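**Student:** structure for the following, please:
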Amino acid sequence: MGRPKKSFTLIGLMMLLLSATFVSAVVECATVSLLFSACSNFLSYGSPDPFPGSPCCDAMKGLNVIAANSSDNTQSLCRCLMGLIATYNPNAIAIATLPGFCGVSLGFTIDPNTDCNT
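**Tutor:** Alright, predicted model coming up:
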């Protein structure tokens, strides 16, 4: 029974990513939060996700696609992630390490001291 739920999650994430890649405007933080929600187990417990091919890593790859669209998107994504770190301070290290753990570079360091304007 776990398989259909995972399939629906992947389909939902892919639909979200497809719609987000056509948007050249500023990234919505709700989209970033939704993508990070695929990583809730990792953010809360450090396991069992992410692992290659997991919905969590697929979501991180989607963030990379969004960031690659424009420098405005990268700055918006940076601001959203800084907001997540501020909101989920106990999980800041997990949020900061997650893209790299999935083999994704967003083009900036995820750290509370990061200046998203540069």
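
**Student:** which residues touch the residue nearest to Thr109 when sequence neighbours are not counted?
**Tutor:** Leaving aside its chain neighbours, Thr109 sits nearest to Ala96 (8.0 Å; criterion: Cβ to Cβ, 6 or more residues apart in numbering). To be clear about C-beta, it is placed using only N, CA and C from the backbone, and glycine gets the same treatment. By Cβ atoms under 8 Å, 6 or more residues apart in numbering, Ala96 lies in contact with 85, 109-111.

**Student:** how about those in JSON lines, adding distance to Leu77?
**Tutor:** Shown next, in JSON lines, are the contacts of Ala96 (distance: Cβ to Cβ, whole Å):
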{"residue": "Ile85", "distance to Leu77": "13"}
{"residue": "Thr109", "distance to Leu77": "13"}
{"residue": "Ile110", "distance to Leu77": "10"}
{"residue": "Asp111", "distance to Leu77": "14"}
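
**Student:** could you work out the most separated pair of these?
**Tutor:** Ile85 and Thr109 (11.5 Å; Cβ to Cβ).

**Student:** among the contacts of Ala96, which one lies nearest to Phe101?
**Tutor:** Closest to Phe101, out of all of the contacts of Ala96 and judged by Cβ to Cβ, is Ile110, at 11.5 Å.

**Student:** the closest one: what's it in contact with?
**Tutor:** Here Ile110 is in contact with 81, 85, 95-96, 99 (criterion: Cβ under 8 Å, 6+ apart).
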